[in-house]
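> need a 3D model of the sequence below.
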Amino acid sequence: MAVHILGIRHHGPGSARHVRAALETLQPDIVLIEGPPEGEAMLSWAIHPDMKPPVALLAYVPDRPQQAVFYPFAEFSPEWQAIQYGVRRRIPVRFIDMPLVHKLAMTEAEEQATEPIAKLPETIPTNESEVRRNPIAYLAEIAGYEDAEAWWEQQFEIAEHPIEVFAAVCDAMTTLREEITPTFDKTEAIREAFMRRTIRLAQREMFHTIVVVCGAWHVPALEKMPPQKEDDALLKNLSKTKVETTWIPWTNDRLSFESGYGAGIHSPGWYQYHWQYPQDDGTRWLTHTARVFRRHKMDISSAHIIESVRLARSLTGLRGLSQPTLSEYNEAAQTVMCMGDAVLMQLVWQDLIVGDQMGETPEGTPQVPLQRDLEQLLKKYRLKLFNLEKELKLDLREANDLQKSVLLHRLLLLEVPVGKTQQTGGKGTFKEEWKLRWYPELTIQLLEKAPWGNTVEMACNQYVVHLANQCKQLNEVTHLVARALPADLRTGMEQVMRRMDVLAAATSDTAVLMDAFVPLVQVRRYGNVRKTDLDTIARLSDSIFYRMLAGLPISCTGIDEDQAVALSESIQKVHSAVLLLDEADLKNDWIQTLHTITTLLHAAPLVQGLCCKILYDLQYLDAEQTAREFSKALSVSNEPNRSAAWLEGFLKDAATVLLLDEGIWQVVNDWVVTLEESLFIQIIPLLRRTFATYTAVEKRKIAEKVAQGNTPQLQNRASEDFDAENAQRILPVLEKLMGL
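Prediction:
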């Protein structure tokens, strides 16, 4: 009976090659692999024809899906090659790490509990956990390497005798663990005790040749096993929880995450290439590099590739290496192809060194019902999700595009953001543009919503009701309605609308009512494209509108400057919404309310000026009536600050009025000219704030008009005793006013 322990580097292509060669040589009758025992039931899927790495074994607590862990596998992962070997030969394959029923049940405090035993030697980094987590990096540093991957690759990955390689790994890790007197890490000790327990079990079951594949750090702890009673004492009374597992697609860029095995890699694309073409002298890799640059419109010739290969080989010889590493290839490509520009190498890093590969899992892989329903819907609507960002344009008049839109909006509502909407060009409400991207963490966010229903539609209906019940303000629930309506949730929306009705009846705050009205108008105006019944929304929006009108005039009185600015912005939004809705009764009542505000004695002047401007734009007030309003607001009997605030409300974002309406121009002109110097200095900050909103072109046209003096229309009306000298006095005033 023999036990062979193969210490590997997780996701190392050389380690994977050595493991496969060692298994072929040793011909074991059982393979033990570092990994969660709960995943053993999923191993048969590893040899399915449709299983395409990178993939990950996902383990999670059903009641708390956010409490989860991923065990990623690439084709070049040593564990993946060991699984493939054992499953294809129908020999037992077991995971020997700490069961996740215990690990995921441990509290954070338990996981981090340590008991110091001894101080570390001064030659060892003080962060012992960092050394234990990545012993390769520490050994590489001792050897004088800045790049741990390059050291491991030169010392172990390219070696030709796998059995000797694993013996060397064992010696290196044994020495390292002897030099470091580590602090006692409870979780680490329990993990290794479980590994030893599984090895002892295999020995008792009389397996003849046992091969153990584990991280290099654990090899010494499995070679020299302590008495069984010590391990049993460690494993007593461990807490438990329920755990479920499944396979999910993984991506190259996520292989760098430290999950599951606690190790990641930064260059998965390079590792995949190194796995597929171990004998390449650099010609093939640098040819791929040249193709990346060519795709980005760079001029790269065959001569560039030849010179890059030569430079990489020269660097290898100068550094005393047996063959080039990624570092030599990158330096050669940067020097020859990029003319020394390191920024251009980011293209190679993204497209080639990391890569955009996304794995696939077979249809029928065990999944929660919600996850299975989503995959079926994606397949039904021919909606393919990628690791790269992809644009999607939808025409909501087409049935299939409409269903895609509904699904994407439902996922947004479930907080699974596979896509985000974009602004669409042109007119019409039947177009949608999305940017889609799938990444593995979204699986966890989807699993978190599994308790709400077994299908996307059911979960979304239940979840939106839950969100509505959490809303305490009317504007919160109206924004929820605006998000939920495109998701076509008939059942859930009924309860959401009831919740909105309750909050609307209890709300008297005009600002809240205004904030609630605007999104409802958007829904009411555009919802018909989705063939949605909007009668309830129309009734609620009308109810909110008239409650708002009843309280708006009084809300304009007794407020300070900041409150007036906020209220004027809300009035502008409501006004745009009323125009968008284009219903005669609502528009007339809105106009009447604005007129009422302009007549109030104690209303905020900023708001009154805005209301007057809106009425003027709607031609409810003609030029003569507007001039009278100007005269009243800018009368010398008013406080200058009040007049300036009224003028700001009227003229903000309204340069066209000044340029084209000679009556209003003359009123403003007369008011500015009659101001005393001290009063002018007092109100000029307010006036400059008004003119600051104008564009440079508008300011220039106003200045040109000032420079021209009186317009022909005014000259025709001018009296015979017109004082030209007095008219010129306005020029420096307006120039100062506009900051020219």
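> count of residues packed around Leu235?
Neighbour count for Leu235, taken as other Cβ atoms under 10 Å: 15. Any C-beta I mention is one placed from the backbone N, CA and C, and that applies to glycine too.
> could you measure from it over to Ala193?
Applying Cβ to Cβ, to the nearest Å, the value for Leu235 to Ala193 is 6 Å.
> try Ser44
28 Å.
> what's downstream of the helix or strand where Arg688 lies, the next helix or strand?
When elements are assigned from DSSP states H and E, Arg688 belongs to helix 677-691. On the C-terminal side of helix 677-691, the closest following helix or strand by DSSP H and E is helix 696-708.
> ok, Val169 touching Pro220?
No. Here Val169 does not reach Pro220: they are 10.2 Å apart, not a contact under Cβ atoms under 8 Å.
> looking at those two, which is more packed in?
Val169 (24 against 20).
> how about the more buried one, what does it touch?
Gly7, Ile8, Phe156, Ala216, Val219 (Cβ atoms under 8 Å, 6 or more residues apart in numbering).
> give the contact list for the third one.
Translated: Phe156. With Cβ under 8 Å, 6+ apart, Phe156 has these contacts: Arg9, Gly12, Gly14, Ser15, His18, Val165, Ala168, Val169.
> show me which of those are buried.
Arg9, Gly12, Gly14, Ser15, His18, Val165, Val169 (16 or more other Cβ atoms under 10 Å).
> show the pLDDT at the second one.
In the prediction, the pLDDT value recorded for Gly12 is 83.
> go on, the first one?
Arg9 carries a pLDDT score of 84 in this model.
> isn't there a strand covering Glu328?
No. Secondary structure of Glu328 (DSSP: H, G, I helix; E, B strand; the rest coil): helix, not part of a strand.
> so it is in contact with Thr316, correct?
Yes. Glu328 is within contact range of Thr316, at 5.5 Å (criterion: Cβ under 8 Å).
> which one's more surrounded, the two?
Glu328 (23 against 20).
> residues contacting that one?
Gly282, Ala312, Leu315, Thr316, Arg319, Leu321.
> repeat the analysis, applying 7 Å as the threshold.
Ala312, Leu315, Thr316 (Cβ atoms under 7 Å, 6 or more residues apart in numbering).
> save those as JSON lines, and put in secondary structure too.
Below are the contacts of Glu328 laid out as JSON lines (three-state DSSP):
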{"residue": "Ala312", "secondary structure": "helix"}
{"residue": "Leu315", "secondary structure": "helix"}
{"residue": "Thr316", "secondary structure": "helix"}
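> so the residue nearest the centre of the chain is in which element?
For the chain, Pro417 is the residue whose C-alpha lies nearest the centre (Cα atoms, centre = their mean; 8.0 Å). Under DSSP H and E, no helix or strand contains Pro417.
> do you know the pLDDT at it?
Confidence score, pLDDT, at Pro417: 89.
> separation between it and Arg64?
Pro417 is 21 Å from Arg64, by Cβ to Cβ.
> what's in contact with the biggest strand by length in the chain?
Ranked by residue count under DSSP state E, the longest strand found in the chain is strand 64-73. Under the contact criterion Cβ under 7 Å, 6+ apart, strand 64-73 has outside partners 35-36, 39, 53-61, 79-80, 100, 104, 250, 254-255, 259-261, 444, 447-448, 450.
> now swap in stretch 395-415 and tell me
377, 381, 383, 394, 418-419, 430-432, 434, 445, 449, 456-457, 459-460, 463-464, 483-484, 486-488, 529-530.
> wait, what's in contact with Ala487?
Taking Cβ under 7 Å, 6+ apart as the test, what Ala487 contacts is Val406, His409, Arg410, Leu413, Cys460.
> how about the CA coordinates for whatever helix or strand the first one lives in, as CSV?
Taking DSSP H and E as the criterion, the element that holds Val406 is helix 399-413. As requested, C-alpha coordinates have been extracted for helix 399-413 and formatted as CSV (Å, rounded to 0.1, in the frame of the first residue of the first chain):
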residue,chain,number,x,y,z
ALA,A,399,-42.9,40.4,-30.1
ASN,A,400,-39.5,38.7,-29.5
ASP,A,401,-37.7,42.0,-28.8
LEU,A,402,-40.5,43.0,-26.4
GLN,A,403,-40.1,39.7,-24.4
LYS,A,404,-36.3,40.3,-24.3
SER,A,405,-36.9,43.7,-22.8
VAL,A,406,-39.4,42.4,-20.3
LEU,A,407,-36.9,39.7,-19.2
LEU,A,408,-34.0,42.2,-18.8
HIS,A,409,-36.2,44.6,-16.8
ARG,A,410,-37.3,41.8,-14.6
LEU,A,411,-33.6,40.9,-13.9
LEU,A,412,-32.9,44.5,-13.1
LEU,A,413,-35.8,44.5,-10.6
